[in-house]
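Undergrad: here's a sequence, model it:
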Amino acid sequence: MKRKVVSVLLTAVLAATVLSGCKAEEVANQNASANNQESTPSTEEGGASQTEGEAPAGDYSYVIGHYGGITGGVATAGTAGYEGIQLAIKDWNEKGGVLGGQIGFEFYDDGSTTEGAVKGVTYLLEEKNVNGLISSQLSGNIQATGDQVEAAQVPEVGTGMNPAWLQQGWSYLFRSVPSNAGGAQPLVDAMKSVGVTDLGALIYQDDGNTSAWNYVTEVLDNTPEINVTTVEQAMVGESDWTGTLSSIIATNPNGVLIFAQGEQASLMIKQLRDLGYGGYIFGPETFSLPDIRNVAGAGANGIIFFAPHCIPDSPEEANTPEEKEFLEKYVAEYGRMPASDVAYRAWDATNILLTAVEKAGTADGPTVRDTIKGLQMDILAGKADFTAYDNGECLSGQQIYITHDGKNILFSKFLEENDPALYMK
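TA: Numbering: from 1, shown residues only. So this is what the prediction gives:
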């Protein structure tokens, strides 16, 4: 059944629809500045915005809601996720949409906060009556809103990598990427491969990074070859970690692990290199952010990280034909490569949800939920198989990459062609 909604169907131009604590025009202008492109802001507070070339607000056969942070501490990744969803919806609509009609989109900027996410999900479910949800990439925000989603019986495909939010017994929540737990063992194996014996660590104190570090700690506890010299904390809101990094260097490690969001990690890596540390640096999927290399420059060489996706420098350098096609569409739409791998996660999440809707032949939440549980399909992250799990997961494990000569390449390829001690302090 079609229903009447005021929907937001935006293109590359980033205009926020429903905003937490500020006007749409203000957020749109902030993001236009950040992305060096013109924006078409809403003309009223909390209003919808429509851009040229999109269908007018009206009847849609299925409406996707998304809450995420295009402002706040992870705005780079949040904006990339927003754009990935927009691109996927446009792709489906150009092919005829789903359930015999076009797909609508409703967005709420949660400001990268848990409180904003709760407000956003409440708005999307109770005021906009969306049929399905694509989440923020912040696992804490997904977990904080899980009970709301479950009670509403609305399928949600999440893009956060913390395992915890799929361990609560919820049946309407699914993930489009493997959890970060799968990166712990490969990352420690990489440390051993390059000869790390003494490891210092700096952990950004948010949900995803502390969780990822806990999984790495479990592996390190069973790895007697590696001694952890110190574990330091980086608090949310800080921007100068030179004192903390100096304390890590003082323990004389030959490997340093940094778990942080990409915006913070890029500065941490630069500051660590500026302090004179020249060895290997290890990290999570956020190290795939192109800004890491932009900010750290040559200092990014020698960082090793796990990730489900790693953005190449151009579509031509994509690892698979599917990735190349996605990146060509992204560049054609936005005039640039993704700034974060969250664009990949959001593209996959949207395609998972809409494929299930198409197969189910209905927008009914429980039916779509059950269809996702039986879904097997190729996505950018690999071969998704929801039948292999009973908790909303579809993938396991992580790839290991290294930044070498200014490029992100597979760690296995690096080992084939280089001395493992090349970046050893």
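
Undergrad: please, where are all the helices along the protein?
TA: 24-35, 75-94, 114-122, 139-152, 184-193, 207-220, 242-249, 262-274, 290-296, 321-334, 342-360, 365-373, 411-417 (DSSP state H).

Undergrad: tell me which of the ones you listed sits most buried.
TA: helix 342-360 (a mean of 26; mean count of other Cβ atoms under 10 Å). From N, CA and C alone the C-beta is placed, and that goes for glycine too.

Undergrad: chain center to that helix, what's the gap?
TA: 14 Å (Cα atoms, centre = their mean, to the nearest Å).

Undergrad: could you export it as PDB, CA atoms only?
TA: Below are the C-alpha coordinates for helix 342-360, written out as PDB (Å, rounded to 0.1, in the frame of the first residue of the first chain):
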ATOM      1  CA  VAL A 342      30.900   4.500   5.600                       C
ATOM      2  CA  ALA A 343      29.700   5.300   2.100                       C
ATOM      3  CA  TYR A 344      30.400   1.700   1.200                       C
ATOM      4  CA  ARG A 345      28.600   0.400   4.300                       C
ATOM      5  CA  ALA A 346      25.600   2.600   3.700                       C
ATOM      6  CA  TRP A 347      25.400   1.600   0.000                       C
ATOM      7  CA  ASP A 348      25.400  -2.000   1.000                       C
ATOM      8  CA  ALA A 349      22.900  -1.500   3.800                       C
ATOM      9  CA  THR A 350      20.400   0.200   1.500                       C
ATOM     10  CA  ASN A 351      20.800  -2.500  -1.100                       C
ATOM     11  CA  ILE A 352      20.300  -5.200   1.500                       C
ATOM     12  CA  LEU A 353      17.100  -3.500   2.700                       C
ATOM     13  CA  LEU A 354      15.600  -2.800  -0.700                       C
ATOM     14  CA  THR A 355      16.500  -6.300  -2.100                       C
ATOM     15  CA  ALA A 356      14.600  -7.800   0.800                       C
ATOM     16  CA  VAL A 357      11.600  -5.500   0.200                       C
ATOM     17  CA  GLU A 358      11.700  -6.500  -3.500                       C
ATOM     18  CA  LYS A 359      11.800 -10.200  -2.700                       C
ATOM     19  CA  ALA A 360       9.200  -9.900   0.000                       C
END
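
Undergrad: using a markdown table, lay out the helices of the chain together with distance to Trp165 and mean pLDDT.
TA: Shown next, in a markdown table, are the helices of the chain (distance: least, Cβ to Cβ, whole Å; pLDDT from 0 to 100):
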| stretch | distance to Trp165 | mean pLDDT |
| --- | --- | --- |
| helix 24-35 | 26 | 35 |
| helix 75-94 | 16 | 97 |
| helix 114-122 | 12 | 97 |
| helix 139-152 | 4 | 96 |
| helix 184-193 | 18 | 97 |
| helix 207-220 | 9 | 92 |
| helix 242-249 | 29 | 98 |
| helix 262-274 | 20 | 94 |
| helix 290-296 | 26 | 91 |
| helix 321-334 | 25 | 97 |
| helix 342-360 | 14 | 98 |
| helix 365-373 | 16 | 98 |
| helix 411-417 | 28 | 94 |
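
Undergrad: Cys394 is nearest to which of those?
TA: helix 342-360 (7.7 Å; Cβ to Cβ).

Undergrad: that closest one versus helix 262-274: what angle between them?
TA: On the basis of axes from the mean of the first three to the mean of the last three Cα atoms, to 10 degrees, helix 342-360 is oriented at 150 degrees to helix 262-274.

Undergrad: picking that back up, would TSV of the helices of the chain with distance to Gly100 be doable?
TA: Converted to TSV, the helices of the chain look like this (distance: least, Cβ to Cβ, whole Å):
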stretch	distance to Gly100
helix 24-35	31
helix 75-94	12
helix 114-122	28
helix 139-152	24
helix 184-193	45
helix 207-220	39
helix 242-249	57
helix 262-274	40
helix 290-296	39
helix 321-334	24
helix 342-360	11
helix 365-373	16
helix 411-417	46
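
Undergrad: Asn391: which of those helices is closest?
TA: Of the helices of the chain, nearest to Asn391 by Cβ to Cβ is helix 365-373, at 10.1 Å.

Undergrad: who touches the closest one?
TA: With Cβ atoms under 8 Å, 6 or more residues apart in numbering as the contact definition, helix 365-373 has outside contacts at 131-132, 152-155, 157, 171-172, 174, 352-353, 356-357, 359-360, 362, 386-387.

Undergrad: and if we set it to 7 Å?
TA: 132, 153-155, 171-172, 174, 352, 356-357, 359-360, 386 (Cβ atoms under 7 Å, 6 or more residues apart in numbering).

Undergrad: if I look at Arg345, how far off is Thr113?
TA: Plainly put, Arg345 is 20 Å away from Thr113 if you go by Cβ to Cβ, to the nearest Å.

Undergrad: repeat for Pro163
TA: 22 Å.

Undergrad: make TSV from the contacts of helix 365-373 and add distance to Asp341 to it.
TA: Output for the contacts of helix 365-373, formatted as TSV (distance: Cβ to Cβ, whole Å):
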residue	distance to Asp341
Gly132	22
Gln153	30
Val154	26
Pro155	23
Ser171	27
Tyr172	25
Phe174	18
Ile352	16
Ala356	23
Val357	25
Lys359	27
Ala360	29
Phe386	21
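
Undergrad: quick one: the residue nearest the centre of the chain and Gln137, what's the gap?
TA: With distances taken as Cα atoms, centre = their mean, Val342 lies nearest the centre of the chain, 3.0 Å away. Relative to Gln137, Val342 is positioned 5 Å away (Cβ to Cβ).

Undergrad: which neighbours do those two have in common?
TA: What both Val342 and Gln137 touch, as defined by Cβ under 7 Å, 6+ apart, is the set Ala77, Gly81, Thr159.

Undergrad: now do the contacts for the residue nearest to the last one when sequence neighbours are not counted.
TA: Leaving aside its sequence neighbours, Thr159 sits nearest to Arg345 (Cβ to Cβ, 6 or more residues apart in numbering; 3.9 Å). For Arg345, the residues meeting the contact criterion (Cβ under 7 Å, 6+ apart) are Gly81, Gln137, Thr159, Ser176, Val177.

Undergrad: ok, Asp110 touching Ile70?
TA: No: in this structure Asp110 lies outside contact range of Ile70 using Cβ atoms under 7 Å: 9.1 Å.
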